[in-house]
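*Asks:* Below are the sequence and a predicted model for it; my questions follow.
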Amino acid sequence: MIIIVLAVFAVLTYISWFYIKSAPTRLVMGLISFALLGATVLLLTANIKSHYGMKNVTTTTEKTIYSAGGSESPAGMLITQELGTKSGNYVMIYADREDGKAKPHFVPNKKNMAEAINKEATYKTADVDKATVKTVTTRREWKNDFFKWLLDFGGEGHSLVKQTSTVTVPKNTWVVLSAKQAKQVTAKQKAAGQDKTAVAAQQKQMRDAIQAKVAAYMKDNPKASANDVANYSHEATAEMTAEAMKQMLK
């Protein structure tokens, strides 16, 4: 709309100065139309240069994510691939549902690089019970309907200013791997699985270690419920599985 308003004031300015014969009227109308034209130009310039008439609106979402290794493994797995060198920006593979298939997230949209450069994704490990992804999104919105009506000639509303996604995984029960490391672990697990005797021995060793941990937990927490014991057993299993996966990388 502002382009139309600008054109109207430009025409009025031209008519006022060149077609009105009365000098006083020409002066008054010429100054008024020129002032309105100048104000419109300044408003348009302010919008283009500093987004006048708009405001930043920030929203935050957080949801649980699930292992890239599926639900069969007690330990969680997050596969990462850094974009560039020391950028701190990653493509990450995980599942959105517990029974879902793992897929890449935060892959830059090459068809819209202007928006892609305003997005970043990273990860961290922490003392938490479940893995989550927290996304903070800032978009530029119109302050009110008047500014939208007047200035929205290029679809600037809802434009992305910045989006930051942070994946947080439990430090003891999840393993963060690069794509190369994930292939390395898979290969070693497949090779180890060929020796059934060694596999059986490792499984027995892990069961014995978990039983010892659970026994110690029950001794220290004599009032623990069956559900508490089951949860602790599951956590201990996940921790030992994660540690075993980490050892494969050494």
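*Replies:* Yep, it's here. Numbers count the residues shown, from 1 in each chain.
*Asks:* Which helix runs longest in the protein?
*Replies:* helix 23-50 (DSSP state H).
*Asks:* what about it, distance to the chain center?
*Replies:* In terms of Cα atoms, centre = their mean, to the nearest Å, the centre of helix 23-50 is set 44 Å apart from its chain centre.
*Asks:* Likewise for stretch 14-27?
*Replies:* Relative to its chain's centre, stretch 14-27 lies at 59 Å (Cα atoms, centre = their mean).
*Asks:* Any idea how far apart the tips of it sit?
*Replies:* 12 Å (Cα to Cα, to the nearest Å).
*Asks:* which of the residues in that stretch are buried?
*Replies:* 16, 26 (16 or more other Cβ atoms under 10 Å). (Glycine included, C-beta is placed from N, CA and C.)
*Asks:* Quick one: residues contacting the spatially most central residue of the chain.
*Replies:* Taking Cα atoms, centre = their mean, the centroid of the chain lies closest to residue 165, which sits 2.6 Å from it. Listed by Cβ atoms under 8 Å, 6 or more residues apart in numbering, the contact set of residue 165 reads 105, 106, 119, 120, 121, 122, 133, 134, 135, 136.
*Asks:* Can you report phi and psi for residue 85?
*Replies:* phi -120, psi 120 (degrees, to the nearest 10).
*Asks:* and the gap between it and residue 79?
*Replies:* For residue 85, the distance to residue 79 (Cβ to Cβ, to the nearest Å) stands at 19 Å.
*Asks:* Ok, residue 73 next?
*Replies:* 13 Å.
*Asks:* Over to residue 180?
*Replies:* Distance of residue 180 to residue 79, given as Cβ to Cβ: 10 Å.
*Asks:* same thing with residue 188?
*Replies:* 16 Å.
*Asks:* if you count what's nearby, which of the two comes out ahead?
*Replies:* When neighbours are counted by other Cβ atoms under 10 Å, residue 188 and residue 79 differ, and residue 79 comes out ahead with 23 against 14.
*Asks:* is it fair to say the more buried one lies in a strand?
*Replies:* Yes. Checked against DSSP: H, G, I helix; E, B strand; the rest coil, residue 79 lies within a strand.
*Asks:* Give me the neighbour count for the closest residue in space to it that isn't next to it in sequence.
*Replies:* Spatial nearest neighbour of residue 79, excluding adjacent residues (Cβ to Cβ, 6 or more residues apart in numbering): residue 93 at 4.0 Å. Applying other Cβ under 10 Å, we find 21 other residues in the vicinity of residue 93.
*Asks:* domain ranges for the protein?
*Replies:* 2-50, 56-175, 179-248 (automatic domain parsing).
*Asks:* Quick one: residues contacting residue 128.
*Replies:* 168, 169, 170.
*Asks:* at 6 Å what do you get?
*Replies:* Neighbouring residues of residue 128 by Cβ atoms under 6 Å, 6 or more residues apart in numbering: residue 170.
*Asks:* tell me the secondary structure for it?
*Replies:* coil.
*Asks:* For this protein, which segments are assigned as strands?
*Replies:* Here the chain has its strands, by DSSP state E, at 54-64, 76-82, 90-94, 103-105, 119-126, 132-142, 159-170, 174-178.
*Asks:* now for the ones you listed, which one comes closest to residue 8?
*Replies:* Closest to residue 8 of these is strand 132-142 (Cβ to Cβ; 22.0 Å).
*Asks:* didn't residue 125 look like it was pressed against residue 171?
*Replies:* Yes. Using Cβ atoms under 6 Å, residue 125 makes contact with residue 171 at a distance of 3.8 Å.
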